[in-house]
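Enquirer: Have a look at this prediction, sequence included:
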Amino acid sequence: MDYTFNAIEAKWRQIWQERNTYKVSEDNSKPKFYVLDMFPYPSGAGLHVGHPLGYIASDIFARYKRLKGFNVLHPMGYDSFGLPAEQYAIQTGQHPAITTKENIARYRQQLDLMGFSFDWDREVRTSDPSYYKWTQWIFKQLFDAYYDLNLDKATPIASLIRTFEQEGNSNTNAVHDCEQRFDAAAWAAFSPEAKETVLQQYRMAYLAESWVNWCPALGTVLANDEIVNGVSERGGHPVEQKRMMQWSMRIKAYAERLLEGLDRIDWTDALKEQQRNWIGKSKGSSVQFAVKDADLQIEVFTTRPDTIFGVSFMVLAPEHPFVEQICTPAQAQEVQAYQQQAALKTERDRQADVKNITGAFTGAYALHPFTGQEIPIWIGDYVLASYGTGAVMAVPCGDQRDYDFAKHFKLPIPNIFADQDISEAAYSEKDAVIANSDFLNGLDAKAAMEKAISAIEAKGIGQGKTNYRLRDAVFSRQRYWGEPFPVYYQDGLPHLVDDALLPVTLPDVDAYLPTEDGEPPLARAAKEAWSCQLGERMEYNTMPGWAGSSWYFLRYMDPHNQEAFAGPDKLAYWNQVDLYIGGSEHATGHLLYARFWTKALYDLGFIHFDEPFAKLINQGMILGKSAIAYMGPDQKMYSLDMLPENKEGFREVRILIDLLNDDESIQLDALKAWQPQYAAQEFVCNADGKVLVKREVDKMSKRWYNVVTPDDLCEKYGADTLRMYEMFLGPLEQSKPWDTKGITGVHGFLKKYWRLFHLNGQFEVDDAQPSPAALKTLHKTIKKLTDDLERFSFNTGVSSFMICVNELTEQKCNNRHILEQLTILMAPYAPHICEEIWSQLQPTSQTIFDSEYPVFDASYLTESSFDYPVSFNGKMRFKATLELALSIDEVKEVVLAKPETQKWLEGKDPKKVIVVHGKIVNIVL
RNA sequence: GCGGAUGUGGUGAAAUUGGUAGACACGCCAGACUUAGGAUCUGGUGCCGAGAGGUGUGCGGGUUCGAGUCCCUCCAUCCGCACCA
């Protein structure tokens, strides 16, 4: 009987659905386990073989945990708001909701083919009003909260307002941007606008001006990604840095707790390190520099207050608000020209480009707070307006960027380090003794730091301070396809829409573009198009992609709840995500935002845990192998081996990988039919009459024509084969190129497993006692498999199954006990075939996934002897089979007496003999 | 530029705590069977060498009885860098 995988897989997919095999509900009799995948954005291209990698791993783990007796929550959904659907809508006029729905249907179809154990009753879609109702509701909680530093948590803003009414803000200890001090009387006298302006400076979700990449021609803000060489990727229009009123999230308030929480979660050190660096905690001091002949103080933050006597100039960001005020008439033209030039560069370009040192002198001078010396004030684009105070005190002898700037503009580089040579480069280590620094002379960096800070504080020109690189997160998008804000404006002030009116649904618009005067697309909506229309106008911005994805793991716990984002009982039962699998590209985006929202919801008393993901694994990316053909200057396509030495005038073109033969030659007729431009293509073939291509590893993407879809592979080899093959490719965390060729090995393995039950053409197992050899094979496999799963080593797990089946085949084993146990072990990896076999083994059972996981018994593996590898100076020369009962001294004695040993000793006396019991013998000559 | 990761046969990789480098597969070579098939089975396969043997985990150095594994320098590739998701 053949392994008819297509029929078997279709049959079991249907039975699982009919029997609700993967439906899960709260059950206090079992321990819970929550396995989560990062939900996909349903793109128009569908899934390629890279997408399911993490889902397969999580599915295996979820099924394993279920067999181990856990109540497993394993849901799936869609992060369905996003830019591509909107871009498509702009091009075609089709409503993004329609595209999104179609894409989701396609994704679902593809996911179903793979046999995942998702409980689809719990599916969520971030673009569904019943979901984003609660995204809006959470936004409202954040709007109505501030960060109280005494309680060290987010707290309802009402309590802050009470404080303001009673005593003003002089004694409040909160995270804020408010420069103003007022007492109760002043607060009472404030206009509603003034009050709200103050409150905005405290709210967790607040309106403030932020720097954005503004593209006037497109009337929109662009991501750094959408800007290439200073112009928009779409259309090639100029882009400038601009201040815009934007919603932001006060994530900085959580900087310290986001750091601290990392110590309590099981993530890789690499990922934690990335988050730590992103948050970028640094200790130092603020210092104010008075501007000469002006009533202005430039505030800087420095991590090296100990080097304050090394300051020889200051650099402001070109966008710094003081630039215009301090710039001298003589320098005005140069400064303005520089500002314009800088405004055209994105922050990333400015940071990445260190070779081109640019800047302009403002003509103004600051006064050194201790020496009174005049310090020239420059502007330079290596200083970023959005980081710190947007100004730095330049210490060229201690900071390489300052050093390079000084060298380039021939500014002085005073050396304040004793015995350090700074003629070639700055000395940035913190281990030098300070010199030429007045009261800091002779101190080490640490002592100088402390003394400098006290001096700065004593003078009242600054204070010791902890700074974070982390910036508050801009939360507005001038896009259509996102969550509308539950906000309207009255007298120019933002107000929250009442809970009863949620969700504020996306209104229909006539085009998905900004208005003529640069308002976001929602400004196009007619009044009637809004689900509610309050005040003077609704908020026209929408929320960013990360809004919906910052809390979806909570919604899965109770996806149909209409009264709350999730019921307290459900939240209490499922608690944290126990295992989260997804790509490392989310290290500093999604994973930080989700932690932030979780902490805020925890502070406000809605959930009982403040870290969302107890354990996290990053799966690597599956890369595609692009096919590169060469077009000659004569417009002929050259075979790779026919290229001339001089490739001038040749260009590389990527062609669809489906057009290749196994030997990496092009199917010429298929190429001609593929795209019109190749219809009459001429070729320069090699001696075999073939046109060979070069293969190169790229990201798997439609754009490189190197996509391999799971659908075809499921059709040809079955989902079980594909699942196991994806796991077999290599360690989950590692990136690896896709190569379909190897899949036959795994397919052959499943056939071999199938044959164990069909030795004589039909299903047959032997009910006798299993042989010791078979038991040994089985228990070795149980041990290895369980260890591998517990450390998420899925690839070696597949190898172990292969070894096990190879051994059982060798033993001609078709023993019921052995094969039943093996089938349960394998079921998480290859659920369809194992379920089919199980239904033959146990016809009354509903599903193999209600079985008990095999228990390892070490007694089947005990060995009495061991093949000791005998090494000489660390090089293995021969093996000696010895009883394990022998002591170390006995082993030494026996090995030294061996004739092989004598041969390798070459008559010399061993200097030393090292025996590690049960491991190795090493003889040192 | 900054931050993170990776580097082992022709290919994907294994080696979990410093203890036999290359398990398991793909590919390739040889053979068996055969209705000639991209089926199945058997044997071989890191490199150099006829062999004995030598050599080998990106390069160079170090620690150790012993290093793919630990330390230092360098090189290459990949990911992220705040409005892509």
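Expert: Sure, I can see it.
Enquirer: For A:Ala564, give me its contacts.
Expert: A:134, A:558 (C-beta atoms under 8 Å, 6 or more residues apart in numbering). C-beta coordinates here come from the backbone N, C-alpha and C atoms, glycine included.
Enquirer: The one 4 residues further on too?
Expert: Listed by C-beta under 8 Å, 6+ apart, the contact set of A:Pro568 is empty.
Enquirer: Distance of it relative to RNA strand B?
Expert: 29 Å (C-beta to the nearest atom of the strand, to the nearest Å).
Enquirer: quick one, phi psi at that residue?
Expert: phi -60, psi -40 (degrees, to the nearest 10).
Enquirer: Need the pLDDT of it.
Expert: A:Pro568 is assigned a pLDDT of 96 by the prediction.
Enquirer: mind listing what's buried in the helix or strand bottoming out on mean pLDDT in chain A?
Expert: The helix or strand of chain A with the poorest confidence is helix A:347-352; it has a mean of 75 (mean pLDDT, DSSP states H and E). Neighbour-count burial for helix A:347-352, counted by 16 or more other C-beta atoms under 10 Å, picks out A:347, A:350.
Enquirer: didn't A:Lys812 look like it was pressed against A:Leu756?
Expert: No - A:Lys812 lies out of contact with A:Leu756 (C-beta atoms under 8 Å); the separation is 9.2 Å.
Enquirer: what's the closest non-adjacent residue to A:Tyr387?
Expert: Leaving out its chain neighbours, the residue that sits closest to A:Tyr387 by C-beta to C-beta, 6 or more residues apart in numbering is A:Arg469, at 6.7 Å.
Enquirer: Can you get me a residue count around that neighbour?
Expert: 14 (other C-beta atoms under 10 Å).
Enquirer: quick one on the thing from earlier: which of A:Lys812 and A:Leu756 has more neighbours?
Expert: A:Leu756 (21 against 11).
Enquirer: any idea how far A:Gln91 is from that one?
Expert: 55 Å (C-beta to C-beta, to the nearest Å).
Enquirer: before we move on, what about A:Val487?
Expert: 30 Å.
Enquirer: So which residues of the stretch 51-200 of chain A form helices?
Expert: Ranges of helices within the stretch 51-200 of chain A are A:52-67, A:83-92, A:96-113, A:129-143, A:157-167, A:184-189, A:192-200, based on DSSP state H, counting those that start in this stretch.
Enquirer: Relative to RNA strand B, which of the ones you listed is closest?
Expert: helix A:83-92 (3.5 Å; C-beta to the nearest atom of the strand).
Enquirer: What is the closest one packed up against?
Expert: Judged by 3 or more C-beta pairs under 8 Å, 6 or more residues apart in numbering; DSSP states H and E, the packing partners of helix A:83-92 are helix A:96-113.
Enquirer: just checking, what packs against the helix it packs on?
Expert: helix A:83-92, helix A:710-717.
Enquirer: For the stretch 351-500 of chain A, just list every one of the helices.
Expert: So, for the stretch 351-500 of chain A - with DSSP H, counting those that start in this stretch - the helices run A:400-408, A:445-459.
Enquirer: Which of those sits closest to A:Met393?
Expert: helix A:400-408 (8.9 Å; C-beta to C-beta).
Enquirer: Touching, A:Trp574 and A:Val35? I think so.
Expert: No - using C-beta under 8 Å, A:Trp574 makes no contact with A:Val35, being 11.1 Å away.
Enquirer: that older thread, so which of the helices of the stretch 51-200 of chain A is the most surrounded?
Expert: Counting by mean count of other C-beta atoms under 10 Å, helix A:52-67 has the highest mean neighbour count of those, with a mean of 24.
Enquirer: contacting residues around that helix?
Expert: Here helix A:52-67 has contacts from A:33, A:35-38, A:72, A:74, A:76, A:111, A:114-118, A:579, A:581-583, A:617, A:619-620, A:622, A:710, A:723, A:726-727, A:732, A:789, A:792, A:794, A:824, A:827-829, A:831, A:849, A:851-853, using C-beta under 8 Å, 6+ apart.
Enquirer: can you rerun that using 7 Å?
Expert: With C-beta atoms under 7 Å, 6 or more residues apart in numbering as the test, helix A:52-67 has contacts from A:33, A:35, A:37, A:72, A:74, A:114, A:116-117, A:579, A:581-582, A:619, A:622, A:710, A:723, A:726-727, A:732, A:789, A:794, A:824, A:827-829, A:831, A:849, A:851, A:853.
Enquirer: That one vs RNA strand B: in contact?
Expert: No - Helix A:52-67 stays clear of RNA strand B (C-beta under 7 Å from any atom of the strand), getting no nearer than 12.0 Å.
Enquirer: Report how many residues lie close to the closest residue to RNA strand B within the stretch 151-300 of chain A.
Expert: Minimum separation of the stretch 151-300 of chain A from RNA strand B (C-beta to the nearest atom of the strand) falls at A:Ala223, amounting to 1.9 Å. Counted by other C-beta under 10 Å, the residues lying close to A:Ala223 total 12.
Enquirer: Without its sequence neighbours, what residue ends up closest to it?
Expert: That would be A:Asn213: by C-beta to C-beta, 6+ apart, it lies 7.4 Å from A:Ala223.
Enquirer: Surely that neighbour touches A:Ile227?
Expert: Yes - counting by C-beta atoms under 7 Å, A:Asn213 sits close enough to A:Ile227 to count as a contact (6.0 Å).
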